[in-house]
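K.L.:
Could you work out the structure for the sequence below:
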Amino acid sequence: MKSSKSLQLSFMMFLQYFIWGAWYVSMNSYMATHLQSTGQQISYAYMALAIATMISPVFVGMVADKYFSAQKIMGVLHLVGAGTLLLATTTTNNTVFIGIVLFYSLLYMPTIALSNSVAFTQMQDPTKQFPFIRMFGTVGWILSGILISNLEVEKTHFIFIIAAAASTLLGLYSFTLPNTPPPAKDTAMTASQALGADALVLFKDRSYTVFFIAAVLICIPLSFYYGFANLFLNEAGMENAAGKMIYGQISEGLFILAIPLLLNRIGVKKMLILGMGAWIIRYIFFAYGDSGSNIWMLYAGIILHGICYDFFFVTGYLYTEKKAGEKIKSAAQGLFTFATYGLGMVIGTLFSGMVADYYAVNGVRNWSSIWMVPVYIAAAVLLYFILAFRDRKTN
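P.N.:
So this is what the prediction gives:
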């Protein structure tokens with residue numbers, strides 16, 4: 001792949017994840033400050049993205065992949081998305097706001113698969129070339145956090161304005177990307193196939209079934225972090241919380257480099273156990289941390305994101321691909337994404353919102369009690385996995 005094309009795709013990935021990072025991390029603080037949202041209302045807004053994750057494979061598989069060039073439909077979705085982000089700043093009604101976030105999520109989530117499609121089509125060796133290109137997405141997420149932190153706007157409507165500006169830029173830029181014609185133009189695909197139903201055969205393997213159940217359940221603790229971490233850190237007194245949270249993405253980028261080495265040395269089971277164990281430790285740190293002498297606990301909880309996410313979810317994607325084999329690997333990855341970032345996060349966001357409201361009195365949240373709930377859940381999932389997972393080939 002030519003260096004000019006590599007730069008073009010890298011900038012595409014940078015903008016793709018800059019947009020997401022700009023509004024997603026701080027939306028809970030914005031809602032609590034400007035909409036006086038309850039924990040349940042905040043959870044509904046984050047659940048919108050999970051719902052969109054469940055629907056987007058159908059859109060990409062049955063519409064985008066059959067009728068449109070990937071770069072063109074990506075451009076249209078981002079341009080409409082920019083207007084939708086601006087619309088989110090015009091309301092103080094929680095129901096309307098959540099509806100806008102849902103509509104925007106339905107526009108945004110398909111662009112992740114579309115941007116990947118544009119990148120893969122231009123690569124001669126995706127295994128070697130894609131990680132470098134995708135790394136710029138993480139850089140984009142990090143820089144969006146730095147920008148919002150330095151501008152001190154994480155609780156304001158400017159998070160949506162910044163995201164909208166980047167979305168407009170990417171929307172226009174998409175039309176300059178290499179042509180990526182619809183790959184399945186003459187191929188019939190059902191909704192069940194688009195959601196990865198062909199991979200259901202994997203459940204004949206007991207070890208994979210145990211892992212799959214654990215993956216869905218661990219999304220409940222995961223949703224607590226995505227939905228409430230920024231709000232918690234702000235209420236705990238941490239200055240420029242959005243800027244501090246980028247340490248989690250930096251950690252993610254570093255720990256992912258350790259996965260190939262550790263997988264060969266300790267195996268899948270121990271990697272997954274380390275990932276789930278990190279969730280327990282992270283939330284204990286959050287439960288007992290503060291902005292005083294225990295502020296190190298807050299920083300440690302943020303930095304643990306790399307182990308929490310990489311060692312479980314990235315390892316999980318690799319484990320899924322190994323179990324699936326060449327024939328159904330795309331369906332298997334689609335099913336895994338649908339079940340975790342879709343179904344698992346829907347359950348998790350609903351539950352985390354209920355917990356946040358249960359431990360709130362007159363608008364004051366008891367964060368220590370809130371964070372101990374995902375500690376217990378993650379511990380239960382870890383115990384289940386240790387006792388039930390028996391895959392001799394990957395231990």
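
K.L.:
Okay, helices next: where are they in the stretch 1-150 of the chain?
P.N.:
3-24, 27-30, 39-59, 65-67, 70-88, 94-121, 126-151 (DSSP state H, counting those that start in this stretch).

K.L.:
Any idea which of the ones you listed has the lowest pLDDT on average?
P.N.:
Across those, helix 65-67 has the smallest mean pLDDT, namely a mean of 65.

K.L.:
returning to that earlier point: looking at the helices of the stretch 1-150 of the chain, which one is packed in the most?
P.N.:
Sort the helices of the stretch 1-150 of the chain by mean neighbour count, taking mean count of other C-beta atoms under 10 Å, and helix 27-30 sits at the top with a mean of 25. All C-beta atoms are positioned from the backbone trio N, CA, C, and that covers glycine.

K.L.:
Which neighbouring elements make contact with that helix?
P.N.:
Helix 27-30 sits against helix 39-59, helix 206-235, with contacts defined as 3 or more C-beta pairs under 8 Å, 6 or more residues apart in numbering; DSSP states H and E.

K.L.:
wait, which of those helices is closest to residue 121?
P.N.:
helix 39-59 (18.4 Å; C-beta to C-beta).

K.L.:
What would the closest one look like as CSV? C-alpha coordinates only.
P.N.:
The C-alpha coordinates for helix 39-59 follow below in CSV (Å, rounded to 0.1, in the frame of the first residue of the first chain):
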residue,chain,number,x,y,z
GLY,A,39,-29.1,7.7,36.6
GLN,A,40,-31.7,5.8,34.7
GLN,A,41,-32.0,8.6,32.1
ILE,A,42,-28.3,8.6,31.7
SER,A,43,-28.3,4.9,31.2
TYR,A,44,-31.0,5.2,28.5
ALA,A,45,-28.8,7.5,26.6
TYR,A,46,-25.8,5.1,26.7
MET,A,47,-28.1,2.2,25.9
ALA,A,48,-28.9,4.0,22.6
LEU,A,49,-25.5,3.2,21.4
ALA,A,50,-25.9,-0.5,22.4
ILE,A,51,-29.2,-0.7,20.5
ALA,A,52,-27.5,0.8,17.4
THR,A,53,-24.7,-1.8,17.7
MET,A,54,-27.4,-4.5,17.5
ILE,A,55,-29.0,-2.9,14.4
SER,A,56,-26.0,-1.7,12.4
PRO,A,57,-24.9,-5.2,11.2
VAL,A,58,-28.2,-5.6,9.5
PHE,A,59,-27.9,-2.2,7.9
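
K.L.:
Check which helices and strands that helix is in contact with.
P.N.:
Against helix 39-59 (3+ C-beta pairs under 8 Å, 6+ apart) you get helix 27-30, helix 94-121, helix 191-194, helix 206-235, helix 315-337, helix 345-358.

K.L.:
I'd like to check the angle between it and helix 206-235, please.
P.N.:
Put simply, helix 39-59 runs at 130 degrees to helix 206-235, going by axes from the mean of the first three to the mean of the last three C-alpha atoms, to 10 degrees.

K.L.:
Measure how helix 39-59 sits relative to helix 315-337, angle-wise.
P.N.:
Using the same axes, to 10 degrees, helix 39-59 lies at 80 degrees relative to helix 315-337.

K.L.:
Give me the distance between helix 39-59 and the centre of its chain.
P.N.:
11 Å (C-alpha atoms, centre = their mean, to the nearest Å).

K.L.:
With distance to residue 225 added, can I get the helices of the stretch 1-150 of the chain in TSV?
P.N.:
Listed next are the helices of the stretch 1-150 of the chain as TSV, based on distance: least, C-beta to C-beta, whole Å:
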stretch	distance to residue 225
helix 3-24	12
helix 27-30	11
helix 39-59	11
helix 65-67	32
helix 70-88	22
helix 94-121	18
helix 126-151	15
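
K.L.:
which one of the ones you listed lies closest to residue 357?
P.N.:
helix 39-59 (4.2 Å).
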